[in-house]
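A.B. asks: Build me a structure from this.
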Amino acid sequence: MPERKLVYVIGFMGSGKSTAGKRLAAALDCSFIDIDRKIEEVAGKSIPQIFSQDGEDVFRKTESDVLRSIKPQEGTIVSTGGGTPCHGDNMDYMLENGLTVYLKMTSGQLAHRLMESTAIRPLIKNISDDDLPEYIDRILAVREKWYNRAEIIIEGINLDINRLLSLIRTHSAI
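C.D. replies: A predicted model of the protein is given here:
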């Protein structure tokens, strides 16, 4: 299998994609890109501002454009947004252009993590703490058909970064 220079870290919001991505990049001595930060850079505004001023459709179009703008010139770890794989043909694109890693978590684990950050996350900002687990259950049930296409699926809670590094090396990435 040829060496793949991009590793895409996918999963639901709050699953630790950015944290894991940074840790992987440091361990592999390669670069790290957080798609959400790159979208904010390109748009010149925050993700919540994009959602409130331009709407989700504009956000998703920008997200797809940013995803495709990342060139695998050297090894790069890319932390995607939670919905990135689930829109358009983004998951197909990632599977064709890199190695995909799904940080899998239960809705209960995700709800526990997300309760402190609902205000900064546009898709859950108007959902009460009581309603959050049911919302996550519902959305996760839809999104998992994309997430489960990842080449590596690993538990996101208490992530064993050394195990993940070993799996990435086994898949001839980076």
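
A.B. asks: quick one: residue 9 is in a helix?
C.D. replies: No: secondary structure of residue 9 (DSSP: H, G, I helix; E, B strand; the rest coil): strand, not part of a helix.

A.B. asks: Run through the residues that contact it.
C.D. replies: 17, 20, 21, 24, 77, 78, 79, 80, 101, 103 (CB atoms under 8 Å, 6 or more residues apart in numbering). C-betas here are computed from N, CA, C, even on glycine.

A.B. asks: same question, residue 113
C.D. replies: Per CB under 8 Å, 6+ apart, neighbours of residue 113: 14, 15, 105.

A.B. asks: Next, it: phi, psi?
C.D. replies: phi -70, psi -40 (degrees, to the nearest 10).

A.B. asks: Please report how far it lies from residue 55.
C.D. replies: Counting by CB to CB, to the nearest Å, the separation of residue 113 from residue 55 is 26 Å.

A.B. asks: Next: residue 89.
C.D. replies: Plainly put, residue 89 is 21 Å away from residue 55 if you go by CB to CB.

A.B. asks: for the chain, longest helix please?
C.D. replies: Looking across the chain with DSSP state H, the single longest helix is helix 132-147.

A.B. asks: just checking, what packs against that one?
C.D. replies: helix 107-114 (3 or more CB pairs under 8 Å, 6 or more residues apart in numbering; DSSP states H and E).

A.B. asks: at 10 Å instead, please
C.D. replies: The contact analysis (3 or more CB pairs under 10 Å, 6 or more residues apart in numbering; DSSP states H and E) places helix 132-147 against strand 6-10, helix 90-97, strand 99-104, helix 107-114.

A.B. asks: Can you give me the buried ones in the helix or strand that the shortest one is followed by?
C.D. replies: Moving toward the C-terminus from strand 6-10, the first helix or strand encountered (DSSP states H and E) is helix 17-28. Along helix 17-28, the positions that meet the burial threshold by neighbour count (16 or more other CB atoms under 10 Å) are 17, 18, 20, 21, 23, 24, 25, 28.
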